[in-house]
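In: Okay, structure incoming, though there's no sequence with it:
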């Protein structure tokens, strides 16, 4: 039954997305009538609504599967991220104080806006700067190459967010904070690579 509902929703989503794309392609060639524009808006709205329903169904299925089988169902999560693009879809923009949903007008306004940003109206004059680039002293250099102290590492560790993991090994910063007393000797033995 679940698969039937998902398949039906999939077909409806496909039909509404095709219809919306059809109206958009027509709108690029000529202005839409009020009735056609309403139909286009209706198809887009149904498309987004049906996708939201389908996403909620998949989400519920993922929860059940995770509870029963401990399966993360990552395919669902990847598709969920893709659907976010539809949610962020731009319906229209304000052009000179007037709201427009015409795709051709939107494309022209976006092109005009970014053309103006990247167009350079200023003439770059050649100039010579007289400045001194300081060098690192031997004392500073020695200090920079010193090993980190236990206090410095602990201070840096405490300032990190506990829910973040620095490596893909799965250990969060909370783990390192909680078991610092146990792992600090091994951490202090690690040879830190120089940045140069």
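Out: Received, thanks. Given the structure is predicted, the values throughout are model-derived calculations rather than measurements.

In: Who are the packing partners of whichever strand or helix holds residue 188?
Out: Assigned by DSSP states H and E, residue 188 belongs to helix 180-189. Contacts defined by 3 or more Cβ pairs under 8 Å, 6 or more residues apart in numbering; DSSP states H and E place helix 180-189 against helix 150-159. To be clear about C-beta, it is placed using only N, CA and C from the backbone, and glycine gets the same treatment.

In: pretty sure residue 94 is in a strand, no?
Out: Yes - counting by DSSP: H, G, I helix; E, B strand; the rest coil, residue 94 is located in a strand.

In: Kindly state the beta-bridge partners for it.
Out: residue 99 (DSSP bridges).

In: So, low pLDDT: which residues of this protein?
Out: 1-7, 62-78, 80-81, 85-90, 120-133, 165-169, 191-196 (pLDDT under 70).

In: the helices in it, which residues?
Out: 2-29, 34-69, 74-87, 103-118, 138-145, 150-159, 173-178, 180-189 (DSSP state H).

In: Next, find the distance separating residue 144 from residue 109.
Out: 51 Å (Cβ to Cβ, to the nearest Å).

In: cool, and residue 35?
Out: 25 Å.

In: who's more crowded, the two?
Out: residue 109 (16 against 8; other Cβ atoms under 10 Å).

In: quick one on the thing from earlier: which one of the helices of the chain lies nearest to residue 94?
Out: Between residue 94 and the helices of the chain, the shortest gap by Cβ to Cβ is with helix 103-118, which sits at 9.2 Å.

In: in the closest one, what counts as buried?
Out: 103, 105, 106, 109 (16 or more other Cβ atoms under 10 Å).

In: same check, this time on stretch 29-48
Out: Applying 16+ other Cβ under 10 Å to stretch 29-48 flags 32, 39, 40, 43, 44, 46, 47, 48 as buried.
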